[in-house]
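K.L.:
fold the stuff below for me.
(one chain, ligands or ions: 2)
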Amino acid sequence: MTDSSPVSSQPLARRGLMFILSSPSGTGKTTIAQKLLKQVDGIGMSVSVTTRAMRPGEIDGRDYHFVDQVTFDRMVENEEFLEWAKVFGNCYGTPKAQIKAGLKAGQDFLFDIDWQGTQQLYQRMETDVVRVFLLPPSISELEHRLRSRGTDSDEVIAARMDRARFEISHWDGYDYVVVNDDIGECYEKVLTILQAERMSRARQTGLVDFTRRLMN
Ligand code: ADP
Ligand code: 5GP
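P.N.:
Ligands and ions are numbered 1, 2, ... in the order given. Sure thing, here's the model as predicted:
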């Protein structure tokens, strides 16, 4: 008689991953990120620590952990950040403890950071990091998206277009590159990357036990 009962009815235990989405501003990174967060279980945004003032509508602990400069400096000294940077006069950092505990518990984190932050995270957490870069289908379409978003003045758009060329030049620092032409197709591709990376052997920490039971 053969035993057909499943060896495991639970999903296999796995280590979480750090899913980095970068792109030149205006490409569609926020749109894709929001869709992922809404539609996929087990992934949440990494919440950074910052010294900048809270904006209307922001919530402490959801958008950022808001701290004063003395607290931030002490956290830097105590090596509590995986990476940190000064942007437009304010400090921003990725807190180490929350990420490390989350990864161990199988939680995935989504990061919306530029290539410098990506490099720093990669240097610290190499095997946990998955780097995805989104590109616009053309420079004219990028400018069109920035204009149609309607959030920036002509001056800011010109600065973002200059910055975009610089960001694009770092395309080779990523594991995956996806052109965001059709938004639905782009989302499906990004989702496929996430799903495949979740199944990588090294991340499936429950496999040792599971395969042992399969063999016995
Ligand atoms: P980013 O976060 O990269 O700066 P956003 O997600 O804010 O970019 O997108 C910029 C603008 O382009 C938004 O108005 C968004 O609705 C639009 N957009 C995003 N992806 C596409 C796409 N594939 N086709 C057309 N418009 C898009
Ligand atoms: P804002 O103040 O508009 O929320 O963010 C300003 C900039 O800080 C953005 O470019 C954002 O990507 C960056 N930023 C936010 N959090 C972090 C972080 O933890 N580390 C780094 N390096 N940059 C961050």
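
K.L.:
just give me the neighbour total for Q204.
P.N.:
Look at Q204: counted by other Cβ atoms under 10 Å, it has 17 neighbours. Where C-beta positions appear, they are placed from N, C-alpha and C, glycine not excepted.

K.L.:
please read the previous query as pertaining to P136.
P.N.:
Counted with other Cβ under 10 Å, P136 comes out at 22.

K.L.:
wait, isn't it in contact with T27?
P.N.:
Yes - taking Cβ atoms under 8 Å as the definition, P136 is a contact partner of T27 at 4.8 Å.

K.L.:
got any residues that touch both of those two?
P.N.:
Common neighbours of P136 and T27 are listed as 142, 145, 180 (criterion: Cβ atoms under 8 Å, 6 or more residues apart in numbering).

K.L.:
mind listing what V178 touches?
P.N.:
Contacts for V178 (Cβ under 8 Å, 6+ apart) come out as 132-135, 186, 189-190, 193.

K.L.:
how about the strand or helix carrying it, which residues are buried there?
P.N.:
Assigned by DSSP states H and E, V178 falls within strand 176-179. By neighbour count on 16 or more other Cβ atoms under 10 Å, the buried set for strand 176-179 is V178.

K.L.:
hey, C-alpha coordinates of it in PDB?
P.N.:
Extracted C-alpha coordinates of strand 176-179, given in PDB (Å, rounded to 0.1, in the frame of the first residue of the first chain):
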ATOM      1  CA  TYR A 176      17.400  42.200 -13.700                       C
ATOM      2  CA  VAL A 177      16.400  45.000 -16.100                       C
ATOM      3  CA  VAL A 178      12.800  45.500 -17.300                       C
ATOM      4  CA  VAL A 179      11.600  48.000 -19.800                       C
END
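
K.L.:
avg pLDDT for that strand?
P.N.:
In this model, strand 176-179 has a mean pLDDT of 98.

K.L.:
swap in stretch 187-198?
P.N.:
In this model, stretch 187-198 has an average pLDDT of 98.

K.L.:
that stretch and ligand 1 in contact?
P.N.:
No - judged by Cβ under 6 Å from any ligand atom, stretch 187-198 stays clear of ligand 1, getting no closer than 8.9 Å.
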